[in-house]
Structure formats: structure tokens, C-alpha cells
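Novice: sequence? don't have it. structure:
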Ligand code: AMP
Ligand code: MG
């Protein structure tokens, strides 16, 4: 791979300002200001994937409830395994999963047993059927077996009285299965978070409308809709709002009566038509930040009535980057999600030089892949302008160049946030 310079083609935003908020400071301030959801709803476990537990789940029973066989074979007492040579045992019955063998098994005897069948009285060891010689009602075994083998113990998965899932668990398919295994059909989860989305800008038009050379189609609201389309969120679509302070404030105020969060895009810069700012300054509870991040520098954050407000930048890539860096962690914090297991950030070798000055976090959209030796390598998706949505579409990961980091040379290790589990 040849080395090229990417990411930081110089532009006016390369003139660093003082007094920018670092990504860490902004994240900290956002999380500290957020309310948490206290309301819950009771739902069937079939609907619970991707929801967050409101209550800890305690097991009312052992799983499995009885000692049972892990294989198809023959159940016997370990005392009947010969020290040397072979032993011969007579088969006195069959134990099926669901239909136990109810008599006691004595020395010199065994029971034909199927996977999952309760282990009968008097036996403690199971030999796989492939390891015995069967003739009429008699089996011959050798001396190569361990006492207790192939038995699953009652409670070896879940013990009665044990807390199996804590409050705040983000429910996965395995969690749903565990709840079913203890007989639970309904569960209390946090209610859905109500999130309103709006686009702003007089140039922005909806799909199906005529797009003149002065217009652009609204892509931000569709990106956000897709990013928010998950089981624990109810999306309220406020549409495209005019660049007019009164109209904006009116829409946001109305929404604030029934949503937890309002997310708008556009209008938070310093242009003459950036009316989100004017409107929200009137409301008094919104801060306008310049964050030391590229892309995504301007961001508004605060409250409108009882709703949390995020005013994201207008450029589509800046929207997505700020959404995943600031908004998604905020949503998950409000939902009380404590332990979502996602693919961790990793270190990978960059295949290219990346130009950067210390003093801001830069987020490069990239393709993460394994080389022929199994090592992780990362390559940018090309042009990285904040309006180039293709740079996101082609990517499977963000390269995160930390605040203090300077230019990176091809072959150096960089922090990478894979998209796996994020979308
Ligand atoms: P603004 O911050 O409002 O000045 O917007 C910055 C840039 O993002 C401008 O070029 C806008 O045309 C563009 N933009 C704003 N909103 C949208 C949208 N909903 N979809 C696509 N591009 C947008
Ligand atoms: Mg605008």
C-alpha cells in the first residue's frame, strides 16, 4: 500500500480557536446534565430484545432442575467401571428426556439413557453409546471412563435464588432465552424513550418535492431516523422547519410537552440564517458550544421545557459523527443502559499518513480489515469533507485521532471504533 496524505486537507476551520470545549469535557457535561427514565412497562419477553431491564431478575428455580444426561448412552454407577479389562452390565430400562426411568439401578446394571433425561437413582456416570459394545440386553465397557462423566448437575446453569440479570441490562437473545429457562413470560423494562427529530434550513426539501439548484434533499432526518430506529426508542418526526426563529421555537416548545429529547440539524453555526441559535437563545436554557472535534464543531445542548435538546450541525457527516459520539451515549444513559456489550475499540495499523495538529479530536471514516497475517489495518474511505456522506457509507469504523495527537505516519497504530454493534 502506498502512503498518501488524507483527512486534513487544510481549510478555514484549520485555524484553531482558543476556548474550544474538548470532546471529553463536552461528553462529561452532557452526561452530567441528563435526567434518567424512571417509568417502566411490562412486556412479553418475545418483545424484549433491545429493551433495558427495569428490575433485576432473580431465578425462582434451578436450571436445569434435575441432574440429567449430556449424551445419548448408558447410565451406571462409577463403582462398576473396571480398574482393568472390561465389565459387563445388564440393561434394565430406558430413560427418555421427559419420561424418566423410575426404579433404582443396582450394581452390575445400567439404563439406556437419552440426552436431557433425568439421571435415575443409583447411577452417577454416563458412557456415550459409541463407547460400549451392545449385544442383546447387555453392554460391555472398558476401563477408560471417569466417574461422573457426561452428567449435567441440577443448577449448573442457574441456581435458585440467584440474580441472573441486573437492573439496566440491555437485553440480548441469550438473556431472553435465560428468562424463558426460569419460566418468566413477562418482564418490566424501561419505557421507550421519545425522541423528536427535525431538519432546519430553507434550502432543505423533502423527498418527492421538486429539487431546484437552490435546494438539497433532506438526508439528515433520514440518517437520524435510521440511527434511532430501535426497539427502545419512539421517533417523533417533526419534519423540515423553516429558518425562522419563531417557527422553530414554536415547534420545539410544542414537542417538548410530549418528548424526552429533541434533535435538530442545521442552523447552529454563525451564518446569518442560523436561526436555531437565535430561537434557542430566547428559550434561555441552551448552550452553544464549539467543540474541538472534526467534523462536527458547533453543537447546541440544553433543555427546552422538560426535553433535552441537541442542535447538531447541518453537514451530513458532522450529523452522524456528533450523533454517535455525543447523542447515542446520552440516549443510552437516559435509558439506564449499564452494560451493553459492544465490539470494543481496538488499535489498528494505519496504511496511510494522516495530517493532524494537536488540539482537537479528529474522526476519520475508514475501512478496518485484517491483513494476511491476521493483523488489523485501517484505511480511510477517501475524501473526508463533512458534506461527503459517502465517506460514512463506505466505512465500517471510525479512526479516532485523540485531542493531543499530532500527524500520524503510515504504519503507526491508531484507535479505531468499529461500527459493529453501534448501528
Ligand atoms: P447549516 O449549519 O445549517 O449552515 O448547514 C450546513 C450545511 O449542511 C449546509 O450546506 C446545508 O445545506 C447542509 N444541510 C443542512 N441541513 C441538511 C439536511 N437536512 N440534509 C442535508 N444537508 C443539510
Ligand atoms: Mg442551515
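Specialist: Received the coordinates, thanks. Note that the structure is a prediction, hence the values are computed from the model and not measured. Ligands and ions are numbered 1, 2, ... in the order given.
Novice: which residue packs closest to residue 417, ignoring adjacent ones?
Specialist: residue 398 (4.5 Å; Cβ to Cβ, 6 or more residues apart in numbering). For every residue, glycine as well, the C-beta is placed using N, CA and C.
Novice: same deal with residue 343?
Specialist: residue 420 (4.1 Å).
Novice: how about the contacts made by the one you found?
Specialist: 342, 343, 396 (Cβ atoms under 8 Å, 6 or more residues apart in numbering).
Novice: what distance do you get for the residue lying closest to residue 52 once chain neighbours are set aside to residue 311?
Specialist: Excluding the flanking residues, the one nearest residue 52 by Cβ to Cβ, 6+ apart is residue 190, at 4.6 Å. Noted for residue 190: a distance of 25 Å to residue 311, by Cβ to Cβ, to the nearest Å.
Novice: the more surrounded of these two?
Specialist: The neighbour comparison of residue 190 against residue 311 (other Cβ atoms under 10 Å) goes to residue 311, with 31 against 22.
Novice: so what's the more buried one up against?
Specialist: Contacts of residue 311 were listed using Cβ under 8 Å, 6+ apart, and they are 264, 265, 267, 268, 276, 277, 280, 286, 288, 299, 300, 301.
Novice: thinking again about what came up before, secondary structure, neighbour count and pLDDT added to the contacts of residue 420, as CSV?
Specialist: Formatted as CSV, these follow (DSSP: H, G, I helix; E, B strand; the rest coil; neighbours: other Cβ atoms under 10 Å; pLDDT from 0 to 100):
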residue, secondary structure, neighbour count, pLDDT
342, coil, 11, 81
343, coil, 12, 86
396, coil, 16, 97
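Novice: ok, so of those residues, who is nearest residue 35?
Specialist: If you rank the contacts of residue 420 by distance to residue 35 using Cβ to Cβ, residue 342 comes first, at 23.7 Å.
Novice: surely the closest one touches residue 423?
Specialist: No - contact between residue 342 and residue 423 fails when scored by Cβ atoms under 8 Å: they sit 10.5 Å apart.
Novice: for the residue in the stretch 251-400 of the chain positioned nearest to ligand 1, which three-state class applies?
Specialist: Nearest residue of the stretch 251-400 of the chain to ligand 1 (Cβ to the nearest ligand atom) works out as residue 314 at 2.2 Å. Put simply, residue 314 is coil when judged by DSSP: H, G, I helix; E, B strand; the rest coil.
Novice: got it, and residue 224?
Specialist: helix.
Novice: one more: residue 330?
Specialist: helix.
Novice: related to what we said a few turns ago, ligand 2 next: which of the contacts of residue 311 are close?
Specialist: Contacts with ligand 2 within those, as defined by Cβ under 5 Å from the ion: residue 267.
Novice: closest to residue 39 among the contacts of residue 311?
Specialist: residue 301 (23.4 Å).
Novice: centre of the chain versus the helix or strand where residue 279 lies, how much separation?
Specialist: For residue 279, the host element (DSSP states H and E) is helix 275-283. In terms of Cα atoms, centre = their mean, to the nearest Å, the centre of helix 275-283 is set 34 Å apart from its chain centre.
Novice: tell me what it is packed against?
Specialist: helix 245-255, strand 286-290, strand 298-304, strand 307-312 (3 or more Cβ pairs under 8 Å, 6 or more residues apart in numbering; DSSP states H and E).
Novice: taking strand 298-304 as reference, get the angle to that helix.
Specialist: 40 degrees (axes from the mean of the first three to the mean of the last three Cα atoms, to 10 degrees).
Novice: how far off strand 286-290 does helix 275-283 point, in degrees?
Specialist: Put simply, helix 275-283 runs at 140 degrees to strand 286-290, going by the same axes, to 10 degrees.
Novice: returning to that earlier point: neighbour-wise, which of the contacts of residue 311 leads?
Specialist: Busiest of the contacts of residue 311 [other Cβ under 10 Å] is residue 276, holding 31 neighbours.
Novice: gap between that residue and residue 321?
Specialist: Distance from residue 276 to residue 321, by Cβ to Cβ: 18 Å.
Novice: try residue 367
Specialist: 17 Å.
Novice: which of those two has more residues huddled nearby?
Specialist: Neighbour tally, residue 367 and residue 321, criterion other Cβ under 10 Å: the higher count belongs to residue 321, 24 against 15.
Novice: near ligand 2, anything from the helix or strand hosting that one?
Specialist: Using DSSP H and E, residue 321 falls within helix 316-322. No - judged by Cβ under 5 Å from the ion, helix 316-322 makes no contact with ligand 2; its nearest approach is 12.0 Å.
Novice: can you list the weak-confidence ranges in this structure?
Specialist: Within the chain, the ranges that satisfy pLDDT under 70 run 1-18.
Novice: what parts of it come near ligand 2?
Specialist: Counting by Cβ under 5 Å from the ion, the residues of the chain that sit close to ligand 2 are 201, 266, 267, 314.
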